[in-house]
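K.L.:
Could you look at this predicted model? Sequence included:
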Amino acid sequence: MDWELILKVYPYFLEAAWVTIQLSVLTVALGLVCGALGAAARLSRFALLRFLGAAYVSVIRGTPALIQLFLLYFGGPQIGIQLDAFEAGVIGLGINIGAYMTETMRGAIISVDRGQGEAARTLGLSQFQAFRKVVLPQALRLMIRPLGVNINAQIKGTALVAAISVVELTYTAQRYIGSTYKPFEMFMLSGLLYMAIIYATGKGITYLDSRVRLQ
């Protein structure tokens, strides 16, 4: 184990970890938006919206995320979409995780007893008010932990953007392996930083879940 080398390159890995954190935050935020819209479409009373929501989930979950990134980054210019590597990574991974979050959110919403919403309607609430004030708060309690699983998977999934040359943890490890020929040290260091990010995220999700359940 070359500890001297690890200490020498550690600051550069910290910079790469910050890029990984930025990617994670932005892709999760986009994924939550896509997931909410997808779940709303899947639960809509309009057949066209239900079809579009189901098609989104089926296509995105049925194809590899790496292929989606390649289509967006390398194929995008052919249809007039010009994105740098970081932008393509955020949009591609955000749309990808959004499909999984769609099903997570939809599953939590339909798990709430339909009688809850119907009871709220009999009390004079509109359908939207019944959903916002009665159904959604209960669904939130059910979806936080599953969404946390999606988020942790997404943090690890950001490693895929190394394939389009985004300088995050995995790309940085690969780059230093090429110059140091020390794959064990480089991948161990990047792995430990991934673990630290995921551990901190897990603690945050647990705290949020406990707060929501107390309400």
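P.N.:
Looks like it arrived, so ask away.

K.L.:
Which residue, neighbours along the chain excluded, lies closest to G89?
P.N.:
V161 (3.7 Å; CB to CB, 6 or more residues apart in numbering). Glycine gets a C-beta too; all of them are placed from N, C-alpha and C.

K.L.:
shouldn't the one you found be in contact with L169?
P.N.:
No: using CB atoms under 8 Å, V161 is not in contact with L169; the gap is 10.2 Å.

K.L.:
Could you tell me which residues touch both of those two?
P.N.:
Listed contacts common to V161 and L169 are nil; contacts here mean CB atoms under 8 Å, 6 or more residues apart in numbering.

K.L.:
before we move on, back to that, could you check the pLDDT of the residue nearest to G89?
P.N.:
V161 is assigned a predicted lDDT (pLDDT) of 95.

K.L.:
Tell me how many other residues crowd it.
P.N.:
When neighbours are defined as other CB atoms under 10 Å, V161 has 28 of them.

K.L.:
and what of the one 10 residues further on?
P.N.:
Here the count is done by other CB under 10 Å, and Y171 has 21 residues near it.

K.L.:
need the longest helix for this structure.
P.N.:
Assignment by DSSP state H gives helix 3-42 as the longest helix of the chain.

K.L.:
I'd like to know how far L192 sits from Y199.
P.N.:
To Y199, L192 is 10 Å away according to CB to CB, to the nearest Å.

K.L.:
about what we covered before: show me what the longest helix of the chain packs onto, helices and strands only.
P.N.:
helix 47-61, helix 85-111, helix 136-157, helix 169-180, helix 183-214 (3 or more CB pairs under 8 Å, 6 or more residues apart in numbering; DSSP states H and E).
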